[in-house]
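Colleague: Below: sequence and its predicted model.
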Amino acid sequence: SIGGHFGLRDETRGHIALNTSFNKLRASDNINAKYYRLGAEAEYFIDRLTIGGAIGTLHVIASDEDETDSGELNYFKGLVRYYIRDNLKIEGSFGVKTEGESGEVDYTHLLAEYGFNDRPITLFTRWNGLFIEDSDGDEIDTHQFLVGFKMNFGGAQHSTIKTNDRRYFADKCLFENVVAIC
């Protein structure tokens, strides 16, 4: 996978950016998928609160040994982030992807992150939910729970979570699972 942000950021006011990514999934020798994504995103900073959103399109090409199928998915995501302290944040998002009459995918996440003063490590816990409903009304729900740590390098290693979030395009644009959007 590869992705990137191209935009403008003011760490006191917010950011606006275009983002893109390419992802390739190989499930076996015979099953492959490619995902091309192009989107726009924005965040607005209000003291300890951040509100944001993203909108874009995802082109999918999936193939197995018998056939190749492709389609377009459009997505929208809203984000709310609150800093209880500069080194303690909570965050949530909700998004929707649609493929015309073929169904809908709802996705969400909840995150808590804690940073140690003047240390390059932060601890986090995150829940990702993915809720798929196809055109026949069939539903598939997945839940992913993550607990871990992040290492910051360079100038970011001595900054707070709030400063790093507002100074850098830190969120990755790659897929945490097959159908998640950054």
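Modeller: Ah, there it is.

Colleague: burial count for Ser1?
Modeller: Ser1 is flanked by 12 other residues according to other C-beta atoms under 10 Å. For glycine as for every other residue, the C-beta is placed from the backbone atoms N, C-alpha and C.

Colleague: so what secondary structure elements neighbour whichever strand in the chain runs longest?
Modeller: When the chain is parsed with DSSP state E, its longest strand is strand 68-85. Contacts defined by 3 or more C-beta pairs under 8 Å, 6 or more residues apart in numbering; DSSP states H and E place strand 68-85 against strand 49-63, strand 88-98, helix 161-167.

Colleague: tell me the angle of it relative to strand 49-63?
Modeller: Interaxial angle, strand 68-85 versus strand 49-63 (axes from the mean of the first three to the mean of the last three C-alpha atoms, to 10 degrees): 160 degrees.

Colleague: for strand 68-85, which positions count as buried?
Modeller: For strand 68-85, the neighbour count (16 or more other C-beta atoms under 10 Å) marks 73, 75, 77, 79, 81, 83 as buried.

Colleague: so what's the last one bridging to?
Modeller: Same thing as Tyr83. Tyr83 forms beta bridges with Lys89, as assigned by DSSP bridges.

Colleague: so how far is Lys162 from it?
Modeller: Separation of Tyr83 from Lys162 (C-beta to C-beta, to the nearest Å) stands at 5 Å.

Colleague: coming back round to it: would you convert the buried residues of strand 68-85 into a markdown table that also reports distance to Leu146?
Modeller: Compiled in a markdown table, the buried residues of strand 68-85 are given as follows (distance: C-beta to C-beta, whole Å):
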| residue | distance to Leu146 |
| --- | --- |
| Leu73 | 24 |
| Tyr75 | 21 |
| Lys77 | 18 |
| Leu79 | 17 |
| Arg81 | 17 |
| Tyr83 | 20 |
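
Colleague: my guess is Thr98 meets Glu72, correct?
Modeller: No - applying C-beta atoms under 8 Å, one finds Thr98 not in contact with Glu72, separated by 9.7 Å.

Colleague: any idea which residue of this protein is furthest from its center?
Modeller: Asp66 (32.1 Å; C-alpha atoms, centre = their mean).

Colleague: How about residues contacting the longest strand of the chain?
Modeller: Contacts to strand 68-85, defined as C-beta atoms under 8 Å, 6 or more residues apart in numbering, come from residues 39, 43, 48-63, 89-99, 102, 105, 107, 161-162, 165, 181.

Colleague: that older thread, return every residue with contacts to both of Tyr83 and Lys162.
Modeller: Joint contacts of Tyr83 and Lys162 (C-beta under 8 Å, 6+ apart) are 48, 89.
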